[in-house]
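Enquirer: have a look at this fold, sequence not included:
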């Protein structure tokens, strides 16, 4: 019940924005690959995220990514796969979008690097890294107790 109320509240708050003629609002879809493939850039000015799957999907689709440090800004390297920007600096976001809009070679180069970067974030590779971190933490905890 809370989720439905929250969604209704959010939809109501966003209604004027979603009604704009220059904004395309897409309903929920299971297959989002075609949406990524139709884009030129992925923009994610989040104020708070953990490690959002959408960023990995955008990288895998070969899109340059504009995001904030809180939106997996440690995954995207600034100036390599995209731009990491202060989420509240509107001018920086506008300038980054203009830069990419004016330079198709830069978009293509960042897109290629994004796809390459995504290859390091498969479920298997991330799982192995996390398992190694957990084992290391367990070992340090065990050593700390023995001292």
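Expert: Nice, I can see it. Nothing here was measured: the structure is a model prediction, and the numbers come from that model. Numbers count the residues shown, from 1 in each chain.
Enquirer: now do the strands in this protein.
Expert: Along the chain, counting by DSSP state E, strands occupy 42-44, 65-67, 82-84.
Enquirer: can you put the ones you listed in a markdown table and add mean pLDDT?
Expert: Compiled in a markdown table, the strands of the chain are given as follows (pLDDT from 0 to 100):
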| stretch | mean pLDDT |
| --- | --- |
| strand 42-44 | 92 |
| strand 65-67 | 95 |
| strand 82-84 | 96 |
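Enquirer: can I get these in TSV including distance to residue 32 and mean neighbour count?
Expert: C-beta here means a position set from N, CA and C on the backbone, and glycine is covered the same way. Converted to TSV, the strands of the chain look like this (distance: least, CB to CB, whole Å; neighbours: other CB atoms under 10 Å):
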stretch	distance to residue 32	mean neighbour count
strand 42-44	11	20
strand 65-67	15	26
strand 82-84	19	26
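Enquirer: so which of these is nearest residue 15?
Expert: In terms of CB to CB, the element of these nearest to residue 15 is strand 42-44, at 21.5 Å.
Enquirer: that closest one: partners in the sheet, and parallel or antiparallel?
Expert: Looking at strand 42-44 with DSSP bridges, its partner strands are strand 65-67 (parallel).
Enquirer: what lies in contact with the partner strand?
Expert: 41-46, 55, 58-59, 73, 76, 81-85, 93, 96-97, 100, 114 (CB atoms under 8 Å, 6 or more residues apart in numbering).
Enquirer: and with 6 Å instead?
Expert: Identification of contacts with strand 65-67 by CB atoms under 6 Å, 6 or more residues apart in numbering yields 42, 43, 44, 58, 73, 76, 81, 82, 83, 96.
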